[in-house]
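Enquirer: Just need the structure, nothing else, for what follows:
(one chain, ligands or ions: 1)
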Amino acid sequence: MSAETLVGLDAVSFSYNGEWILDAISVDIKRGDFLGIVGPNGSGKTTLLKTILGLLKPDRGVVYLFGQRLSQFRRWEKVGYVPQRSEYRTLRFPITAEEIVSMGRIGRSSVFFGFERDDKQAIEEALQVVGMGEHRKTLISHLSGGQQQRVLIAKALASRPELLILDEPTVGVDVETQGKFYELLRNLNRERGLTILLVSHDIDVVRKEVKSLAYLNRRLVYYGTTKEFMRQD
Ligand code: ADP
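Expert: Below is the predicted model of the structure:
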């Protein structure tokens with residue numbers, strides 16, 4: 001028996017104004033996988049992500065999350081999403097690391113009645129996992145780029161997701177921080193069994209870090225293990 005499919009795309013196609021941006025994409029992301037979706041600028045990576053997150057509706061094909069058609073899927077707390085850092089206007093607000101992470105519980109709990117013990121535990125645990133526990137009271141604007149990124153991952157982890165999706169997570173961070181960042185993702189994948197989907201244009205870096213690769217150029221040029229990709233390279 002094969003592992004459970006968390007994200008399934010069955011011949012998904014998408015067009016903007018008659019131009020095909022995604023051409024019959026099929027992928028099958030199993031529980032425990034660490035997949036990198038890579039490709040040059042304009043290759044359709046963001047469009048593919050938006051399709052998986054239900055923000056865009058494919059012209060053809062079907063998207064499945066956790067075995068359900070996307071149109072029926074409601075358990076969004078199972079999906080942690082880390083958008084590109086540039087999309088976070090909140091990073092300029094006077095808000096602490098802990099407050100950002102607690103926003104990751106909204107939708108999961110009855111926050112209108114205040115956070116409950118389980119929420120507080122989940123927030124604390126998420127801060128610890130990313131190594132930001134001691135900075136919980138620090139204003140987000142006072143943290144370095146790498147630390148901010150850790151906080152954003154903690155926010156995504158606060159709903160205790162089973163699938164973590166990251167969009168261009170290493171843009172604008174230095175090489176050392178990048179190394180630590182991938183170490184964190186490896187640990188989350190290996191030790192916590194978190195399934196990870198990472199989108200990046202930086203194929204040279206990503207192919208060294210992930211278990212499997214999808215090379216996108218509007219159609220799927222390669223989809224398989226990283227090992228096999230390196231061999232064919
Ligand atoms: P990537 O994330 O790989 O850089 P995108 O998915 O953002 O690629 O974009 C793929 C193509 O779709 C690009 O050529 C882009 O110009 C086009 N595109 C993206 N968004 C829109 C839009 N809202 N309207 C029309 N074309 C778009």
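Enquirer: quick one: the strands in this protein?
Expert: Using DSSP state E, the strands of the chain run over 5-16, 19-30, 34-38, 60-65, 68-69, 79-82, 163-167, 195-200, 212-217, 219-225.
Enquirer: From the ligand, how far out is the residue nearest in space to the middle of the chain?
Expert: By CA atoms, centre = their mean, the chain has its centre lying nearest to Ile165, at 1.3 Å. Applying CB to the nearest ligand atom, to the nearest Å, the value for Ile165 to the ligand is 14 Å. In this view, the C-beta of every residue, glycine as well, is placed from N, C-alpha and C.
Enquirer: Flag every residue of the protein that's near the ligand.
Expert: With the criterion set to CB under 6 Å from any ligand atom, the chain comes near the ligand through Tyr16, Ile21, Gly39, Asn41, Gly42, Ser43, Gly44, Lys45, Thr46, Thr47.
Enquirer: Just the buried residues of those.
Expert: Those of the residues of the chain next to the ligand that meet the buried threshold are Ile21, Gly39, Ser43, Gly44, Lys45, Thr46, Thr47, by 16 or more other CB atoms under 10 Å.
Enquirer: re earlier: residue contacts, the residue nearest to the centre of the chain?
Expert: Contact analysis of Ile165 by CB atoms under 8 Å, 6 or more residues apart in numbering lists Leu49, Ile52, Leu53, Val79, Gly80, Tyr81, Val82, Ile196, Leu197, Leu198, Val199.
Enquirer: cool, and Glu209?
Expert: Phe34, Gly36, Tyr182, Leu185, Arg186.
Enquirer: surely Ser141 meets Arg92?
Expert: Yes - shown here, Ser141 and Arg92 form a contact pair, counting by CB atoms under 8 Å, at 6.2 Å.
Enquirer: Who has more neighbours out of these two?
Expert: The residue with more neighbours, out of Ser141 and Arg92, is Ser141; 12 against 9, by other CB atoms under 10 Å.
Enquirer: can you tell me how far the more buried one sits from Gln148?
Expert: Per CB to CB, to the nearest Å, Ser141 is found 9 Å from Gln148.
Enquirer: do Arg186 as well
Expert: In this view, Arg186 and Gln148 are 20 Å apart by CB to CB.
Enquirer: Show me which of these two is the more surrounded one.
Expert: Gln148 (20 against 15).
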